[in-house]
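**Student:** only geometry, no sequence info:
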DNA sequence: GCTTGCGTTCGAGCGCACTCGAAGCCGTAG
DNA sequence: CTACGGCTTCGAGTGCGCTCGAACGCAAGC
């Protein structure tokens, strides 16, 4: 656990910390789809796909091109984080639908996240067990694994 | 970490520990495909599929039914552990092919496992980062996550 | 002898999550 | 004016890893 350098932390950095993403666009600035792809590791193709299926809702410029503001970017990051924990797209859609339905669904959203949290922790434990098996096999081949 | 009750540990239990699997068949005994499915969590359909694509090589009884001995069972467990860390089936096939080629491929197998080990560790770290994001979101909904 | 249950092979089908490609628009550089 | 790069939409295609179903075999119990 790191200690917080509390007094002099700039608001912008705080904001990024809050969003857990140092690569977020500065407030008031926007990003193109290519930039978002670059920064999040989600391909432009996937970003369009996510939008088509209702996960994202990204504003456009006069020419019709996507313009990712802070909000849109944050949602991309959130979705990609949930995706990388193995949450199925179907469930993400349910979640986003609830967000769009308003505050009344917050308890349900909370329940969903708590449940998913359990699943992710289980997944981590499974990976750790499998890692032990791999380490054991490595040892039988005479390999070394640092603790 | 549990302390080892060293002096009286039966060989059989040791063997199972070595194989990282308490549900392994006792030496000399065998299991049916249904039993293996039950114990490993790999469906009978998948077990047959794995065999078809060359991951497994399971002996038969006179009636042609699969008979899983210690060896066969151990390989099922090993493959399923690698699968659950996200190793693609293609790579597992490469690994098994190397095993079949004999001892000469051991350095390559070791290299492969060391590389994969790295990937699994990275995966665990990614999950932990994502977990933090989820926990943060849970907190914004007023939920609690125990440390 | 017949049913039940478990196994067999093989090919085909499925669900998921992208991923690609064609056709077209827009703004800037030469 | 034209060429180019990067964006747009939309439908279709892909790869992976199963998953299923049809048709059949075999052994035990009624």
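**Tutor:** Done, it's in. In this text the structure is predicted, and so the values were computed from the model without any measurement.

**Student:** and the pLDDT at the residue most central in space within chain A?
**Tutor:** Nearest to the mean C-alpha position of chain A, by Cα atoms, centre = their mean, lies residue A:81 at 2.4 Å. pLDDT recorded at residue A:81 is 97.

**Student:** helix or strand for it, which one?
**Tutor:** Using DSSP states H and E, residue A:81 sits within helix A:70-84.

**Student:** buried ones in that helix?
**Tutor:** Under the neighbour-count criterion of 16 or more other Cβ atoms under 10 Å in any protein chain shown, helix A:70-84 has A:70, A:72-84 buried. C-betas here are computed from N, CA, C, even on glycine.

**Student:** equivalent analysis for stretch A:51-62, please.
**Tutor:** For stretch A:51-62, the neighbour count (16+ other Cβ under 10 Å) marks A:51, A:55-56, A:58 as buried.

**Student:** repeat that for stretch A:26-34.
**Tutor:** Buried residues in stretch A:26-34, counted by 16+ other Cβ under 10 Å: A:30-31, A:33.

**Student:** same question for stretch A:132-140.
**Tutor:** Neighbour counts over stretch A:132-140 (16+ other Cβ under 10 Å) mark A:133-138 as buried.

**Student:** now, among the buried residues of helix A:70-84, which is nearest to DNA strand D?
**Tutor:** Ranked by distance to DNA strand D (Cβ to the nearest atom of the strand), the buried residues of helix A:70-84 are led by residue A:72 at 11.2 Å.

**Student:** thought the closest one was touching residue A:58?
**Tutor:** Yes. Contact criterion Cβ atoms under 8 Å: residue A:72 and residue A:58 qualify, at 4.8 Å.

**Student:** same for the longest helix along chain A, what does it pack against?
**Tutor:** For chain A, the longest helix by residue count, based on DSSP state H, is helix A:106-140. Judged by 3 or more Cβ pairs under 8 Å, 6 or more residues apart in numbering or on different chains; DSSP states H and E, the packing partners of helix A:106-140 are helix A:89-101, helix B:70-84, helix B:106-140.
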